[in-house]
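Engineer: this one's sequence-less:
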């Protein structure tokens, strides 16, 4: 992955850029060496017609290499979120599922079964999961723990 070859991603939405949607991009922007193209467009609501909305979502998901799913959307519109994940899986797109932000609730089985990996809200985990799922890149990061011996 480089600036000339960014990862193409789609972040699930319900036709608005809610807090969790914005938070994903805050996390992605906080790393200077992560390059991506966002194919999700929550501001392009075609009409109130459900099939027109689904077709627009198909157009947004189509070119993506990976789908980042927001579990927090499930309670508002489970059918629309499940549609996005089903379409991603039908197109062989890997799905990174983010648990609902600030919630300790269990992720619904319907979402887990359509996901390749389920992660919490952690910038490092999000970026590493996207790289691993989209391009099969391992990051080889090491955590350093300092402690004193008496």
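Structural biologist: Good, I have the coordinates. Fair warning: this is a prediction, and the values are worked out from it, not measured in the lab.
Engineer: quick check, central residue of the chain?
Structural biologist: With distances taken as CA atoms, centre = their mean, residue 68 lies nearest the centre of the chain, 1.2 Å away.
Engineer: next up, the contacts around that residue.
Structural biologist: Residues near residue 68 by CB atoms under 8 Å, 6 or more residues apart in numbering: 9-12, 24, 95-96, 98, 126, 130. For the C-beta atoms, the positions are set from N, CA and C on the backbone; glycine is no exception.
Engineer: how about the nearest residue to it, chain neighbours excluded?
Structural biologist: Leaving aside its chain neighbours, residue 68 sits nearest to residue 11 (4.6 Å; criterion: CB to CB, 6 or more residues apart in numbering).
Engineer: picking up where we left off before, turn the contacts of residue 68 into TSV, including distance to residue 58.
Structural biologist: Shown next, in TSV, are the contacts of residue 68 (distance: CB to CB, whole Å):
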residue	distance to residue 58
9	16
10	11
11	15
12	13
24	21
95	15
96	19
98	22
126	25
130	21
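Engineer: so of those, which ones are in strands?
Structural biologist: Those of the contacts of residue 68 mapping onto strands are 9-11, 95-96, 98, per DSSP state E.
Engineer: just give me the closest of the residues you listed to residue 74.
Structural biologist: residue 98 (11.3 Å; CB to CB).
Engineer: what about the closest one, how many neighbours?
Structural biologist: The tally of other residues near residue 98 (other CB atoms under 10 Å) stands at 27.
Engineer: for it, give the beta-bridge partners.
Structural biologist: Note on residue 98: beta-bridge partners by DSSP bridges are residue 70, residue 119.
Engineer: verify the contact between it and residue 73 for me.
Structural biologist: No: with contact defined as CB atoms under 8 Å, residue 98 does not reach residue 73; the gap is 10.0 Å.
Engineer: between the two, what contacts are shared?
Structural biologist: Common neighbours of residue 98 and residue 73 (CB under 8 Å, 6+ apart) are residue 20.
Engineer: from what I see, residue 12 and residue 71 are in contact.
Structural biologist: No: assessed by CB under 8 Å, residue 12 is found out of contact with residue 71, at 9.2 Å.
Engineer: returning to what we had before: how many other residues sit next to the residue nearest to residue 68?
Structural biologist: Residue 11 has 25 nearby residues by other CB under 10 Å.
Engineer: could you pull up the residues touching it?
Structural biologist: 21, 24-25, 38, 40, 67-68, 70.
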